[in-house]
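> The following comprises the amino acid sequence and a computationally predicted model.
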Amino acid sequence: METIDLLVSLDENYLPQLRVMLYSASLNNPGVNFRVFLLHRGFSTEQLSSFSRQLEALDMELRAVRVDERLFESAPVMKQYPQEMYYRLLAAQLLPEDMDRVLYLDPDILVINPLTPLWRLDMGGKLFAAAHTGMTELANNVNRLRLGTERDYFNSGVLLIDLARCRAEVNPEEIFSYVSEHAEELLLPDQDILNALYSSRILELDDALWNYDARNFKNYLMRSNGAADMEWVIENTAVLHFCGRAKPWKPHYRHRFGMLYLHYEQLTRRALPELD
């Protein structure tokens, strides 16, 4: 049985969405053993124990890693730059040293097809693999100018991370220094840092497969000359990402895949009755 190591980092407010994401991953990846690494600094023993029991019902293993706050003594931390924003970029320093790679997923995601092709991807010596999502050419131009990069803007909600290379090449102090020097310019801090410092070390993924922006069905359809219709998405897209402020678990969500999310939410409640 193949093992995929997933990385998540969030506070307790996003636990319901994390359960939905993990249930969808389990349901659509039969025969895969998932280890779920949760980087955190505030979950109680009781919360972690309850969550671990729920994941066991999905044949998933929880590996909770409480982050030592002393590692961030020199990090710029404030309301808009919480400590947690650094976790995915510094995963190599926070996770066990015997791990070679990990797949980070935001909790506002549905996994609707197998993840194994992404997990097995040859990263060609890159530090990260990520996709561009939801950006117009104008927005990409603004971000290139704002961050001093030459590539289109990458979304950090799905990141395949080469932990071995990151241990050698990602310097926490460089990240902290960048935040201190550019604090007023950062709009999406961890994502901006990823693009500003590591854009050239990112392997580009096909977002239609691995980080599909659920707001942009019409754009994907036009971009593919009509090929990427709903049937194509259901058959091919692995990661459906509910980017942006509007979320399908909140009232008045109007985008196309909202009902699909609610369906998985209901399935999760049935499979994990402690959800409520």
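Noted; the coordinates are in hand.
> now the helices for the stretch 101-250 of the chain?
116-119, 137-147, 163-169, 172-182, 189-198, 207-210, 217-223, 230-236 (DSSP state H, counting those that start in this stretch).
> What residues of the last one count as buried?
In this case it means helix 230-236. Neighbour-count burial for helix 230-236, with 16 or more other C-beta atoms under 10 Å as criterion, is recorded at Val233. C-betas here are computed from N, CA, C, even on glycine.
> Just the pLDDT for the one residue sitting closest to the centre of the chain.
To find the centre residue of the chain, average its C-alpha atoms and take the closest one (C-alpha atoms, centre = their mean): that gives Leu105, at 2.7 Å. Leu105 is assigned 97 on the pLDDT scale.
> show me what contacts it?
Residues near Leu105 by C-beta atoms under 8 Å, 6 or more residues apart in numbering: 6-8, 21, 25, 111, 157-158, 239.
> Quick one, which of these has the minimum pLDDT?
Lowest pLDDT of these: Gly157, 94.
> okay, now it: neighbour count?
By the criterion of other C-beta atoms under 10 Å, Gly157 has 22 neighbours.
> now swap in the one 5 residues further on and tell me
Burial measure for Asp162: 22 neighbouring residues, criterion other C-beta under 10 Å.
> As a check, name the ranges of all strands in this protein.
All strands of the chain, identified by DSSP state E, fall at 2-9, 32-40, 60-66, 101-105, 109-111, 128-131, 155-162, 202-205, 212-213, 239-241.
> Put together CSV for those, with distance to Arg120 on each row.
As requested, the strands of the chain are exported to CSV (distance: least, C-beta to C-beta, whole Å):
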stretch, distance to Arg120
strand 2-9, 9
strand 32-40, 11
strand 60-66, 19
strand 101-105, 10
strand 109-111, 16
strand 128-131, 12
strand 155-162, 10
strand 202-205, 13
strand 212-213, 20
strand 239-241, 15
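> For Tyr178, find the nearest of those strands.
Taking C-beta to C-beta as the criterion, Tyr178 comes closest to strand 155-162 out of the strands of the chain, the separation being 14.9 Å.
> how far does stretch 171-189 stretch from start to finish?
From its first residue to its last, stretch 171-189 covers 17 Å (C-alpha to C-alpha, to the nearest Å).
> right, and out of the contacts of Leu105, which lies closest to Cys166?
Comparing every one of those with Cys166 (C-beta to C-beta), the shortest separation belongs to Leu7, at 12.0 Å.
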